[in-house]
Each structure stands twice: as structure tokens, then as C-alpha cells.
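Novice: got a predicted structure plus its sequence, pasted below:
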Amino acid sequence: MASKIKYRIYPNPLPDEKGQTTYQVRHEPDGTMDTKAFLNHLERHNSFDSTAMMSALIVLKNEIVEQLKDNHRFRIDGLGTFQLKVGLKAMTDEEGNTVKQSFSNPEAISARNVEVKGISFIPDKSIVDKLKKGVSTVNEAGSGVVGRSKQYERQEVINILNAYLAEHHFITRTTFRQLLGLTSYAAQKWLDLLTSEELPKFVAQKEGSTIVYRQFGEH
């Protein structure tokens, strides 16, 4: 039986050159399988020793970090390649605002201006090909229906954000939107709400031209 890949249709935020609204499709995930759920899945199906798998995952995560620190790409055959992303370090002005560094002279850029920004992942063509085989697609909202953002309770959104930020230093609106399956408008409404409460749990900070969101008190 073919797997059904779920999607929803969303309007693009800006009209095209003719002033018409155009549409895009996005994957509609059914939740997230995290490490705990993955290990429970292995135990239920008796397909692999979960303790051994957890040990292997720890070794793998540590090795990826070490190899990236040694300026190597890290490739897992049949899966993909991890590579470091670096960029200009965000600076703080006298008022405590984060500002993007700008240089017109390359000789002015030194090591103190550069920092690690994250990790990029490039999937192997072979794994993408496997994903395309034996699947069909279906609009989760119904044929031709334009999707709307999922409805979440406040605590549910906070739990999802806390889980993500436990593994990452910050989250962008784009990642937040994709994580919860929201439109850009709905994602921004949630982020504005959570950062403007009387006792906010999250804070918005500008890094270059991008706004990032962190747990309150994290830097």
C-alpha cells in the first residue's frame, strides 16, 4: 500500500506581478517523533535494542560536533552531509539592541567578527529518491481547499517551543511556522503574544536582518 503524503494549500503572502494571489503547498506533519518516542517505537516492535541505540545516538551526536569543530563535513552515506555555517557575529549597541555588522573593507574582518551560526544538512539524493517511491499525495483539508493554521492551546505552543529550544539556542519565525504548521500571519501572532505577556517566557532579539526568539534570560 502506498504511503499518503499529506499537504495543505496556502496563499502566498504577496501577490504576483499581475496582482493575483498565488498558492503554495506545504507538508502537513502528524506530530514529531523525538528521541524518546523513537526508542519506545523500537521497544514495541522489538526491532533493535533501545539502550544500544541510545548509546549509538550519543556517540553519533558527539562525533558530528567534533568533526565539524575540526573543519570537516560529516557525511552519512545514504542519509546526507552535515556542514558548519559561519557568519558575521551580531553585536550589541549602547542601548542593548542587536545590530548586524557591516564591512566595506574585507581587511577589516577579523576572527573576532566571525562566529558559528548553525549547521546545514544536505540530504543524499538516494534518500530523497526513496521518499518519492511508493507514495501518493493528499490534501489534508480536502481537494482544492485552502488550508488555515492549526488551532493550538497556549500551553501546547509553549511546550513545543521549550522542547525545540532545549536543543537549539534560538528559533526563527520560519522554523516556528514550519514546526507548528502555521501560516506566517498566525506564527507571528503567536510569537508576538508570547513575547509581550506580562511575564514573558520568550524574548525577541534582532540578529542582523533576522528576528530570533529565545527563552527569556538566554543569550
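Specialist: Ah, there it is.

Novice: what stretches of the chain score poorly on pLDDT?
Specialist: Low-confidence segments of the chain (pLDDT under 70): 1, 13, 93-98, 147-150, 217-219.

Novice: point to the residue nearest the middle of it.
Specialist: residue 175 (4.0 Å; C-alpha atoms, centre = their mean).

Novice: go through the helix or strand where that residue lies and flag the buried ones.
Specialist: In the assignment (DSSP states H and E), residue 175 maps to helix 173-180. Using 16 or more other C-beta atoms under 10 Å as the test for burial, helix 173-180 gives 173, 176, 177, 179, 180. No exception for glycine: its C-beta is placed from N, CA and C like everyone else's.

Novice: re earlier: for residue 116, see how far away the residue nearest to the centre of the chain is.
Specialist: 17 Å (C-beta to C-beta, to the nearest Å).

Novice: for residue 214, same thing?
Specialist: Counting by C-beta to C-beta - residue 214 and residue 116 are separated by 16 Å.

Novice: which one's more surrounded, these two?
Specialist: residue 214 (17 against 12; other C-beta atoms under 10 Å).

Novice: and that one, that's in a strand?
Specialist: Yes. Residue 214: assigned to a strand according to DSSP: H, G, I helix; E, B strand; the rest coil.

Novice: quick one, what contacts it?
Specialist: 165, 169, 170, 171, 202, 203, 205 (C-beta atoms under 8 Å, 6 or more residues apart in numbering).

Novice: which helices and strands does whichever strand or helix holds residue 185 pack with?
Specialist: Element membership of residue 185 [criterion: DSSP H and E] is helix 184-195. Packed against helix 184-195 by the contact rule (3 or more C-beta pairs under 8 Å, 6 or more residues apart in numbering; DSSP states H and E) you find helix 154-165, helix 173-180, strand 202-207.

Novice: report the angle between that helix and helix 173-180.
Specialist: With axes from the mean of the first three to the mean of the last three C-alpha atoms, to 10 degrees defining the directions, helix 184-195 sits at 100 degrees from helix 173-180.

Novice: list the buried residues in helix 184-195.
Specialist: 186, 187, 190, 191, 194, 195.

Novice: repeat for stretch 165-174
Specialist: So for stretch 165-174, counting by 16+ other C-beta under 10 Å, buried means 165, 170, 171, 173.

Novice: ranges for the helices of this protein?
Specialist: 35-45, 50-69, 125-132, 154-165, 173-180, 184-195 (DSSP state H).

Novice: in the second one, what counts as buried?
Specialist: Looking back up the chat, that one is helix 50-69. Quick answer for helix 50-69 (16+ other C-beta under 10 Å): 50, 53, 68.

Novice: a markdown table please, covering those and showing distance to residue 133.
Specialist: Output for these, formatted as a markdown table (distance: C-beta to C-beta, whole Å):
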| residue | distance to residue 133 |
| --- | --- |
| 50 | 28 |
| 53 | 26 |
| 68 | 31 |
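
Novice: for residue 11, state which of those is nearest.
Specialist: residue 68 (38.5 Å; C-beta to C-beta).
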